[in-house]
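J.: here are the coordinates; sequence isn't available:
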């Protein structure tokens, strides 16, 4: 038996990667299974439920037409309980039978700046993690945890292992690998760095499936449909996609047998997904919150919000992804329309709260690249500018304590965000933030375009104030 050790047993992993491994096992290929646990003491109830259920749980899938189906997923062989020293996770990672270490820690969990350097200055928890590892304790960032696992693996002579990033991060394998090597450099562990460079690979991958946070009614529907009182049930849309570069240094499951696209390069797929799906998702979440909606599908069915998303993709994203010099192998207009149909699925009941989070990493990662590309072409970028303008209006609501839910953002410094909102010219202060804009910060064209977009957003908000919802 070969194992994948997965770090981060959240909803996305259990509705995505674990499903593909389950499907392989259902076909009779039982040569791979998953071991999994968390790096932090979160999701305690779900982890306990998974342990009690032997790693099994039910996935409810919902089509855009509202058709529901239920599958009991049985690919997780062992749920590793959380321990502060991460000893059980490290032991699993050091086992020679573990051939892949995969992870989902959200975009902000990689602490990378616009130049793909670890942003030590802005992330005290990253500095604290480094200090913990230097002091011989377990690290709880992805880098600190991987250092613990890889050191143990090196010491055990357990051989090669693939490090597989399953997060929504452009060039996710390369960038997380770069962050790991920088973390090891900061530790001064030359022997580990040499071992990692020789004994690991880090394929890039593109992952896609909308997976809302589970609500109690999911478990109720699962019990009604299956008779099982499943305490770890979850729900996702019927659409699923996984594209992986075929660079596995220690073997891999035969994922192509269950619909995974194994390719030489994921770049075209990830750019389409990040710019046409992820950025559009955020646009709808921010605009929907400003309009008084709770759910993504409500904003998607609002004609003005849908038009903002459509115009962003059509006017600014597609022209930089599909050019005469570099034609895109994907039909981007069709992709755009499928995305909007998926977002409009009311059965998913995905919340604006979930999708709106982490803007201080999503803007530089998912939105600023399109602005940068349009600046380089010296053309208008009025449509894409609506997205950061929406977030500025959203941020000002947050600043005033008027967001109807808790906003979470690992990359945001609250003091900096409040200062932007308190500035005499918030648009200029926002456009000057280097975390968001990198080398474009304070570019006069950025400031002017954001100012126009922000005026349009204010008009949209004022209109909604007169007739909410």
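T.: On my side now, so go ahead. All figures in this text were calculated on a predicted structure; none of them were measured in a lab.
J.: wait, residue 24 touches residue 259, no?
T.: No: judged on CB atoms under 8 Å, residue 24 makes no contact with residue 259 at a distance of 10.5 Å. Every C-beta, even on glycine, is put in place using the N, C-alpha and C of the backbone.
J.: residue nearest the middle of the protein, spatially speaking?
T.: The centroid of the chain falls nearest to residue 168 when counting by CA atoms, centre = their mean (3.7 Å).
J.: neighbour count: residue 24 and residue 259, which is higher?
T.: Per other CB atoms under 10 Å, whichever of residue 24 and residue 259 has more neighbours is residue 24, with 21 against 11.
J.: helix or strand for that one, which one?
T.: Residue 24 belongs to helix 17-26 when elements are defined using DSSP states H and E.
J.: list the buried residues of that helix.
T.: Of the residues in helix 17-26, 17, 18, 19, 20, 21, 22, 23, 24, 25 count as buried by neighbour count, 16 or more other CB atoms under 10 Å.
J.: stretch 280-300 too?
T.: Neighbour-count burial for stretch 280-300 flags 280-291, 293, 295-300 (criterion: 16+ other CB under 10 Å).
J.: next step: those restricted to helices.
T.: Among the buried residues of stretch 280-300, the members found in helices (DSSP state H) are 280-290, 296-300.
J.: nearest to residue 349 among the buried residues of helix 17-26?
T.: residue 19 (20.0 Å; CB to CB).
J.: which residues touch the closest one?
T.: Residue 19 is in contact with 59, 71, 73, 75, 240, counting by CB atoms under 8 Å, 6 or more residues apart in numbering.
J.: roughly how far does it sit from residue 415?
T.: 41 Å (CB to CB, to the nearest Å).
J.: quick one, helices of the stretch 1-150 of the chain?
T.: Per DSSP state H, counting those that start in this stretch, the stretch 1-150 of the chain carries helices over the ranges 11-15, 17-26, 44-52, 87-93, 124-134, 142-156.
J.: helices and strands around the fifth one, which ones?
T.: Right, helix 124-134. helix 142-156, helix 172-187 (3 or more CB pairs under 8 Å, 6 or more residues apart in numbering; DSSP states H and E).
J.: shouldn't residue 207 be in contact with residue 241?
T.: Yes: with contact defined as CB under 8 Å, residue 207 reaches residue 241; the gap is 7.5 Å.
J.: those two: which is more packed in?
T.: Taking other CB under 10 Å, residue 207 and residue 241 do not tie; residue 207 has more neighbours (23 against 15).
J.: helix, strand, or coil at that one?
T.: Under DSSP: H, G, I helix; E, B strand; the rest coil, residue 207 falls in the strand class.
J.: what do you get for residue 335?
T.: helix.
J.: pretty sure it is touching residue 276, no?
T.: Yes: the criterion here is CB under 8 Å, and residue 335 meets it with residue 276 at 5.6 Å.
J.: higher neighbour count, those two?
T.: Taking neighbours as other CB under 10 Å, residue 335 and residue 276 compare with residue 276 leading, 24 against 19.
J.: and the more buried one, what is it in contact with?
T.: Shown in contact with residue 276 (CB under 8 Å, 6+ apart): 313, 317, 318, 321, 332, 335, 336, 339.
J.: kindly recompute the last result at 7 Å.
T.: 313, 317, 332, 335, 336, 339 (CB atoms under 7 Å, 6 or more residues apart in numbering).
J.: and if you look at residue 394?
T.: Taking CB under 7 Å, 6+ apart, we find residue 394 in contact with 286, 289, 290, 356.
J.: now do the contacts for the third one.
T.: Neighbour list for residue 290: 390, 393, 394, 461, 464 [criterion: CB under 7 Å, 6+ apart].
J.: let's have the helices of the stretch 1-150 of the chain in TSV, adding distance to residue 185.
T.: What follows is the helices of the stretch 1-150 of the chain, written out as TSV (distance: least, CB to CB, whole Å):
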stretch	distance to residue 185
helix 11-15	29
helix 17-26	29
helix 44-52	33
helix 87-93	21
helix 124-134	11
helix 142-156	11
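J.: and the ones you listed: which comes nearest residue 348?
T.: Closest among these, once you apply CB to CB, is helix 11-15, at 11.5 Å.
J.: what does that closest one contact?
T.: Outside helix 11-15, the residues that touch it by CB under 7 Å, 6+ apart are 6, 57, 59, 73, 104, 166, 209, 211, 213, 214, 234, 236.
J.: just the helices in the stretch 251-400 of the chain please.
T.: Ranges of helices in the stretch 251-400 of the chain, per DSSP H, counting those that start in this stretch, are 267-272, 279-290, 296-300, 303-311, 318-321, 332-343, 352-356, 359-362, 368-377, 382-399.
J.: mind putting the ones you listed in a markdown table, distance to residue 173 and mean pLDDT included?
T.: What follows is these, written out as a markdown table (distance: least, CB to CB, whole Å; pLDDT from 0 to 100):
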| stretch | distance to residue 173 | mean pLDDT |
| --- | --- | --- |
| helix 267-272 | 10 | 92 |
| helix 279-290 | 21 | 98 |
| helix 296-300 | 28 | 98 |
| helix 303-311 | 29 | 98 |
| helix 318-321 | 21 | 96 |
| helix 332-343 | 23 | 96 |
| helix 352-356 | 24 | 96 |
| helix 359-362 | 18 | 95 |
| helix 368-377 | 18 | 96 |
| helix 382-399 | 26 | 98 |
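J.: need these in CSV (columns: distance to residue 195).
T.: As requested, the helices of the stretch 251-400 of the chain are exported to CSV (distance: least, CB to CB, whole Å):
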stretch, distance to residue 195
helix 267-272, 29
helix 279-290, 38
helix 296-300, 44
helix 303-311, 46
helix 318-321, 38
helix 332-343, 41
helix 352-356, 38
helix 359-362, 30
helix 368-377, 34
helix 382-399, 42
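J.: and the ones you listed: which comes nearest residue 117?
T.: Proximity to residue 117 (CB to CB) singles out helix 359-362 among the helices of the stretch 251-400 of the chain, at 14.4 Å.
J.: compute the inter-axis angle for the longest helix along the chain and helix 368-377.
T.: Criterion DSSP H: the longest helix present in the chain is helix 444-466. Computed by axes from the mean of the first three to the mean of the last three CA atoms, to 10 degrees, the angle separating helix 444-466 from helix 368-377 equals 130 degrees.
J.: which residue sits closest to residue 150 in space, ignoring its chain neighbours?
T.: Spatial nearest neighbour of residue 150, chain neighbours left out: residue 196 (5.9 Å); criterion: CB to CB, 6 or more residues apart in numbering.
J.: who's in contact with the one you found?
T.: The contact partners of residue 196, by CB under 7 Å, 6+ apart, come to 150, 181, 184.
J.: then residue 299?
T.: Applying CB under 7 Å, 6+ apart to residue 299 gives the contacts 284, 287, 288, 291, 293, 305.
J.: quick check: the farthest pair among those residues?
T.: Using CB to CB, the two most remote members of these are 284 and 291, lying 10.0 Å apart.
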